[in-house]
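Visitor: give me coordinates for this.
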Amino acid sequence: MQALLATTLLALGIGCDAAGPGAAQAPVRANQLGYPPAARKLVVVETSAPARFRVVAEGRDEPLLQGQLQPAGHWEPAARDVALADLSALATPGRYRLLVDGMAPSDPIVVDAGAYAGVAMGALKGFYFHRASTPLARGHAGRWARKAGHPDDKVLVHASAASPGRKAGSRITAPRGWYDAGDYGKYVVNSGITLWTLLAAWEHYPEFFRGRDAGIPESGDAVPDILDEALWNLQWMLAMQDPADGGVYHKLTTLQFSAMVMPHQDTAPRYVMAKSTAATLDFAAVMAMASRIYAPYEAQFPGLARRMADAAQQAWAWALANPQVEYRQPADVGTGAYGDAYLEDEFAWAAAELYLLTGEPGYWEAFHQRAGVPGVPGWADVRALGWISLAQHLPRLPDDAARGQVREGLLQVARGLQEREAQSPWKLAMRGEDFVWGSNAVVLNQALLMLQGYRLGGGRELLDAAQSHLDWVLGRNPLGVSFVTGFGLRTPMHVHDRLSVADGVREPVPGWLSGGPNPAQQDRRDCPVSYPSKLPALSWLDHECSYASNEVAINWNAPLVYVAAAVQALTPVEE
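Guide: Got it, this is the predicted structure:
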């Protein structure tokens, strides 16, 4: 295992003197990991002038492809004039350079049949590095090996969470789970969308994940690694449900954020906080989905699927009886709130998953009443998750009208995003207002929706548009950075992540997606350096202080796993 890990890290460039994000570079922006042979291959050139280009094999001068840059356009989020070079005809695996008149050669342009397999599995392994309640052994974690922290076997019940059966100050056991983001909290609401995304990746692309080794302790057993890793957090979530009434605690954290220390050094008391309707419905949805996903593994996990099904239905009953219990941060608590007062989307998602679990008409009716219109998913807007799960199981829907509703609803939103992408000079559906905290996850969730349109028969242009969004996070952006730690030529080196800051290792924990440009700059008073720009697509800071643009989070990493695996799996082998 140690040799395998070393080989993997060398392949990623981890430990090598790779150029950092601030290194000088030509204004030619490409996906730094490359492209499958049959993928659309767009490269952005920052210029307004007409120019010709040619492509040569690395180390050679003879042009293999040449042409004219497409007419330039102005992309407002970065205030840049840009033109596109379409290299889609470059289909032979290899390493190439793009030469544009008057510019320095581009970074290597790689054509590789397995271009995204490594980043998909690396992003999945990122969750292993964030496991709570366990040591990480060197054989699996390499230089990021660490001691166990947060056993969470003596978690206090906060006054906000007290109930007749569990008084304030009493203790419960809730181990395992993933550290949510740059801090050491564990949050049910954010776990909800994260686990849906990972379980959907498995359900939609099982052949991609089957047999692929992520290098986690469970690798090589009879269960795919993506399901083994997801189970680490599912087991924690099960412990967050009050068995007396079915309600679910909102989060498990210390009262305040810890210092930048390693997990075993963070010894402050940890609490479960108040139950909430949002957490309970997210829990119900995830457990209903997980019950059907893990049912084939009864021999490996006896009784697990049944336990999850029962927990989901108990949570649904609690939510019906408590339909508007909003989480409100107690006065003595300063960790992440994940507050959400609008709950129709959570009800719709949970109803969809419970319908697929049970087939009971009442759940379909509950979804139908609250279905609304699907939009780009995020932790506070999970409506589309139910739509996508139903689309995966169209034959199980009540009738042709229901099937048509789900299919056409998803196709409409996917096509709307693809049309925005097509009209964008940068070939990205993102508008200025979409660059928010975690903008890279917005990019990837837009891609995830367009992929659903492609899977529903919407046309190759939807797959190409999703590819274009993956290109953004892997380097085809105006910062020239691949936003995934350890994957690319210029990657974040100073993410806001306690594990990466406190471990004494120069390189950050690999496989984590930086949050991305965020012009709100909520952290600017906490940072000793200034952002380079206030423009939406340029407002990013590679500094550990920057929780608003350079933090990591499980709900941002999950769509990276999904989209990288999907584009890898769906791109035709040949034109």
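Visitor: what helix or strand does His140 sit in?
Guide: Taking DSSP states H and E as the definition, His140 sits inside helix 138-141.
Visitor: so what's the residue count around Lys275?
Guide: When neighbours are counted by other CB atoms under 10 Å, Lys275 registers 24. Every residue, glycine included, has its C-beta placed from N, CA and C.
Visitor: my error: substitute Gln568 in the last question.
Guide: Using other CB under 10 Å, Gln568 has 21 other residues around it.
Visitor: got the CA positions of the strand or helix carrying it in CSV?
Guide: Element membership of Gln568, judged by DSSP H and E, is helix 554-570. Output of helix 554-570 as CSV, limited to C-alpha atoms (Å, rounded to 0.1, in the frame of the first residue of the first chain):
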residue,chain,number,x,y,z
ILE,A,554,-17.8,18.2,1.9
ASN,A,555,-20.8,19.6,-0.1
TRP,A,556,-18.3,21.2,-2.5
ASN,A,557,-16.2,18.1,-3.0
ALA,A,558,-19.1,15.8,-3.6
PRO,A,559,-20.2,17.4,-7.0
LEU,A,560,-16.5,17.2,-8.0
VAL,A,561,-16.6,13.5,-7.5
TYR,A,562,-19.9,13.2,-9.4
VAL,A,563,-19.1,15.5,-12.3
ALA,A,564,-15.5,14.1,-12.9
ALA,A,565,-16.8,10.5,-12.8
ALA,A,566,-19.8,11.4,-15.0
VAL,A,567,-17.8,13.2,-17.7
GLN,A,568,-15.3,10.3,-17.7
ALA,A,569,-18.0,7.7,-17.9
LEU,A,570,-20.3,9.4,-20.4
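Visitor: chain center to that helix: distance?
Guide: When distances are taken as CA atoms, centre = their mean, to the nearest Å, helix 554-570 is centred 7 Å away from the chain's centroid.
Visitor: contacting residues around Tyr355?
Guide: Tyr355 is in contact with 363-364, 367, 390, counting by CB atoms under 8 Å, 6 or more residues apart in numbering.
Visitor: give the rounded mean pLDDT of the host helix or strand of it.
Guide: For Tyr355, the element it lies in under DSSP H and E is helix 344-358. Helix 344-358 comes out with an average pLDDT of 98.
Visitor: if I pick Ala366, what's in contact with it?
Guide: Ala366 neighbours (CB under 8 Å, 6+ apart): 347-348, 351.
Visitor: so what's the closest residue to Gln66 other than its chain neighbours bridging to?
Guide: Take Gln66 and drop its neighbours on the chain: the residue closest to it by CB to CB, 6 or more residues apart in numbering is Arg54, 4.0 Å away. Beta-bridge partners of Arg54, counted by DSSP bridges, are Gln66, Leu99.
Visitor: list the contacts of the helix or strand just after the helix holding His140.
Guide: Following helix 138-141 in sequence order, the next helix or strand is strand 155-157 (DSSP H and E). Here strand 155-157 makes contact (CB under 8 Å, 6+ apart) with 166-174, 252, 269-272.
Visitor: please compute how far strand 155-157 lies from its chain's middle.
Guide: Worked out by CA atoms, centre = their mean, strand 155-157 lies 30 Å from the chain centre.
Visitor: that strand pairs with which strands, and in what direction?
Guide: strand 171-172 (antiparallel), strand 270-272 (parallel).
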